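Undergrad: This is a predicted model, with the sequence first.
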Amino acid sequence: MKRLGPGLILALVAGFAFLYLPILALIAYSFNASRLVTVWGGFSTHWYGALMRNEPLLDAAWLSLRLACVSATLATVLGTLAALALARHGRFRGRTLFSGMVLAPLVMPEVITGLSLLLLFVAAEIERGFWTVTIAHATFSLGFACIVIQARLVGFDRSLEEAAQDLGATPLMTFWTVTLPLIWPAVAAAWMLALTLSLDDLVIASFTTGPGATTLPMRLYSAVRLGVSPEINAACTLMIGAVAVAVIAASLLLKRERMAGADK
Amino acid sequence: MSATSRQRLGWLVPLIPYLWLLAFFLVPFAIVLRMAFSHADTALPPYAPHFAGFAAIGEFLAALDLDNLRLLADDALYWQSYLYSLRIAGLTTLLALAIGYPLAYAMASAPKSWRGALLVLVILPFWTSFLIRVYAWIGILRPDGLLDAALMGLGLTREPLRLMNTEAAVLIGMVYSYLPFMVLPLFAELEKLDRSLLEAAADLGARPWTAFLTVTLPLSIPGVLAGCALVFIPAVGEFVIPDLLGGPDTIMIGKALWTEFFSNRDWPLASAVAVVLLVLLVLPLVLLQRARLARGGAA
């Protein structure tokens, strides 16, 4: 392998500086004692204390977390079924429409998904709140979950499933004892992705929510519109920290699994 | 368990997600289409006629109300916001390509042991909320923000740049948020590129730059197209980033829909905007698909 030339090192440094400097600045100013963004008033954790007393923000965070867990689980179950249908059921009636509906939310603008679901909930006279947002999030994450799981299903040895069935296992038993253990990393990745999509969504939630179900992105959006405050920097820093720990842990786990696989 | 009942149970696998998608994707979409051809009413919910199913196709066609589409075509505001969305999305795509390509190329050329870590570093910001990323830029770009303080502190500029609430601010925020979508497909394409081709080109006397233009660049076109599509499509419908970083004049089409819906409470007009926006998005996708098929046919 050749060593990197100066031009390529510059591209790497500039690219990552662009990606990370804004985030680093945001984190640094969450520890600023002064309220002013340009004035460094010394190191302080004052804003984290203020954050812990901000009841509406904490409530929204707790709601978003619960909502994301439920909708990610729904999306993963439905996405696994959809992936199995597309990878294992061959040509069933309406397959083209089905794969179209699975993939469409991937390119659909959020405003349209949000608008259409809200019109449905209004037409069906369903009271809006936690569950309508959960359904909306599960629906638009389903396609992402399906793609991740389908990629794994396509790449594995089907003769294992056939062997289990030849030995008398029912399709359900085959799924639990053979298929699922083999595809679980993809299922876990799909769940993580759906969780992130739900936690990140502002637009669809704004359309489909009702009174009493304000999610964290909705709270953050209205706070950000009002202007910059170190308290929001503190909230963002905590979220970045949680994400960084989760992503690094996940990639280390994956690496270990891959190494274990290579040792066999 | 008999073979037939197994077969019957197996059908539940496609059926459950199928029904879910019919109920929560196709039916809502049909409602939007129907709504786009209705007219606004002051009743609650604010539209008429109330959705009552597609009773008869003749009745449906007779009841079609084209006023919304006519209004969209006549009102300069909507044309401008459509064109503005396309312009912002196009510029975002070009800038993301200009920044993303060298980055992806450098990542793909890096030693193999680095690549995994570099990839994680590119994806990491994507896992954080986009609101956080936009908020970070507000702190930098706003009047008396970090950028102006740094530039004036270094003596590079005498006056504040006043970037906040300009198109430049919108573009910075958009490129920043969508960059990973550009880098990932490019990196995937460039990494699997056969390096021996470049060595062959060098052996035959090609300068590195010539080798890049005649070998690497043509081979990475599928990655370029995929990256551009992944950035352009969501960028057209985006409105939160322009709303936060742009001024009151930056009206993206997504923002127009949002305003029609929440502020003006004109649901039919909002639905009409949604339908036109979708047509606008499907068109480049179809063109891209045709270009890909044509390439496949030529190869």
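TA: Cool, the structure landed.
Undergrad: show me the contacts for the residue of the stretch 101-250 of chain A found nearest chain B.
TA: Closest to chain B within the stretch 101-250 of chain A is A:Pro109: 2.6 Å, counting by C-beta to the nearest C-beta. For every residue, glycine as well, the C-beta is placed using N, CA and C. Going by C-beta atoms under 8 Å, 6 or more residues apart in numbering or on different chains, A:Pro109 touches B:Pro234, B:Val236, B:Gly237, B:Glu238, B:Gly254, B:Leu277, B:Leu278, B:Leu281.
Undergrad: where does chain B dip in pLDDT?
TA: Applying pLDDT under 70 to chain B picks out residues B:1-9, B:39-67, B:69-70, B:72-73, B:284, B:292, B:295-299.
Undergrad: The spatially most central residue of it and A:Asp157: what is the separation?
TA: In chain B, the centroid-proximal residue (C-alpha atoms, centre = their mean) is B:Pro234; its distance is 1.4 Å. B:Pro234 sits 36 Å away from A:Asp157 when distances are taken as C-beta to C-beta, to the nearest Å.
Undergrad: out of everything not next to it in sequence, what's closest to the most centrally placed residue in chain A?
TA: Centroid check for chain A by C-alpha atoms, centre = their mean gives A:Thr196 as the closest residue, at 1.9 Å. Spatial nearest neighbour of A:Thr196, excluding adjacent residues (C-beta to C-beta, 6 or more residues apart in numbering or on different chains): B:Trp127 at 5.6 Å.
Undergrad: To what extent is that neighbour buried, counted in neighbours?
TA: Neighbourhood size, B:Trp127 [other C-beta atoms under 10 Å in any protein chain shown]: 22.
Undergrad: Hmm, it is touching A:Val245, no?
TA: No. Counting by C-beta atoms under 8 Å, A:Val245 is not a contact partner of B:Trp127; they are 10.9 Å apart.
Undergrad: For residue 113, pull up the helix or strand it's in.
TA: Using chain A here. Using DSSP states H and E, A:Thr113 falls within helix A:110-123.
Undergrad: please go with chain B instead
TA: helix B:112-127.
Undergrad: List the residues that contact the closest residue to chain A within chain B.
TA: Here the residue of chain B nearest chain A is B:Gly237; by C-beta to the nearest C-beta that distance is 2.6 Å. By C-beta under 8 Å, 6+ apart, the contact list for B:Gly237 reads A:Pro109, A:Glu110, A:Val111, A:Ile112, B:Ser85, B:Ile253, B:Gly254, B:Leu277, B:Leu281.
Undergrad: Okay, the first one and A:Ser116: tell me how far apart.
TA: Okay, so that is A:Pro109. Counting by C-beta to C-beta, the gap from A:Pro109 to A:Ser116 is 11 Å.
Undergrad: now swap in the second one and tell me
TA: Spatial separation of A:Glu110 from A:Ser116 under the definition C-beta to C-beta is 11 Å.
Undergrad: So which residues of the stretch 151-299 of chain B form strands?
TA: Using DSSP state E, counting those that start in this stretch, the stretch 151-299 of chain B contains no strands.
Undergrad: Show me which residues of it sit near chain A.
TA: By C-beta under 8 Å from any C-beta of the partner chain, the residues of the stretch 151-299 of chain B that approach chain A are B:176, B:179, B:183, B:233-234, B:236-240, B:244, B:254, B:257-258, B:261, B:267, B:270-271, B:274, B:277-278, B:281, B:285.
Undergrad: Out of these, which end up buried?
TA: When these are checked for burial by 16 or more other C-beta atoms under 10 Å in any protein chain shown, the buried set is B:176, B:179, B:183, B:233-234, B:236-240, B:244, B:254, B:257-258, B:261, B:267, B:270-271, B:274, B:277-278, B:281.
Undergrad: and the next element down the chain from the helix holding A:Thr113?
TA: Moving toward the C-terminus from helix A:110-123, the next helix or strand (DSSP H and E) is helix A:130-154.
Undergrad: Which strands or helices does whichever helix or strand comes after that next one pack on?
TA: Sequence order places helix A:158-166 as the next helix or strand after helix A:130-154, per DSSP H and E. Secondary-structure packing of helix A:158-166 (3 or more C-beta pairs under 8 Å, 6 or more residues apart in numbering or on different chains; DSSP states H and E): helix A:171-174.
Undergrad: Mind listing what's buried along the helix it packs on?
TA: Here helix A:171-174 shows A:Pro171, A:Thr174 as buried, counting by 16+ other C-beta under 10 Å.
Undergrad: The lowest-mean-pLDDT helix or strand in chain A: how far from the chain's middle?
TA: None of the helices or strands of chain A scores lower by mean pLDDT, DSSP states H and E than helix A:230-263, at a mean of 80. How far helix A:230-263 lies from its chain's middle: 13 Å, per C-alpha atoms, centre = their mean, to the nearest Å.
Undergrad: got it, and stretch A:184-195?
TA: Using C-alpha atoms, centre = their mean, the offset of stretch A:184-195 from its chain centre is 9 Å.
Undergrad: Give me the contacts around it.
TA: With C-beta under 8 Å, 6+ apart, stretch A:184-195 has contacts from A:68-69, A:71-73, A:75-76, A:79-80, A:137-138, A:141, A:144-146, A:148-149, A:151-153, A:180, A:246, A:250, A:254, A:257.
Undergrad: Let me see the ranges of the helices in the stretch 1-150 of chain B.
TA: B:3-10, B:12-21, B:27-36, B:57-63, B:67-74, B:76-109, B:112-127, B:130-141, B:146-153 (DSSP state H, counting those that start in this stretch).
Undergrad: Could you single out the most deeply buried of these?
TA: A comparison of the helices of the stretch 1-150 of chain B by mean neighbour count, using mean count of other C-beta atoms under 10 Å in any protein chain shown, puts helix B:130-141 on top with a mean of 23.
Undergrad: between that one and helix A:230-263, how many degrees?
TA: Helix B:130-141 runs at 130 degrees relative to helix A:230-263, counting by axes from the mean of the first three to the mean of the last three C-alpha atoms, to 10 degrees.
Undergrad: So is helix B:130-141 next to chain A?
TA: Yes. For helix B:130-141, a contact with chain A is found by C-beta under 8 Å from any C-beta, at B:Phe130, B:Leu131, B:Ile132, B:Arg133, B:Val134, B:Tyr135, B:Ala136, B:Trp137, B:Ile138, B:Gly139, B:Ile140.
Undergrad: other SSEs contacting that helix?
TA: The contact analysis (3+ C-beta pairs under 8 Å, 6+ apart) places helix B:130-141 against helix A:6-30, helix A:216-226, helix A:230-263, helix B:146-153, helix B:167-191, helix B:240-245.
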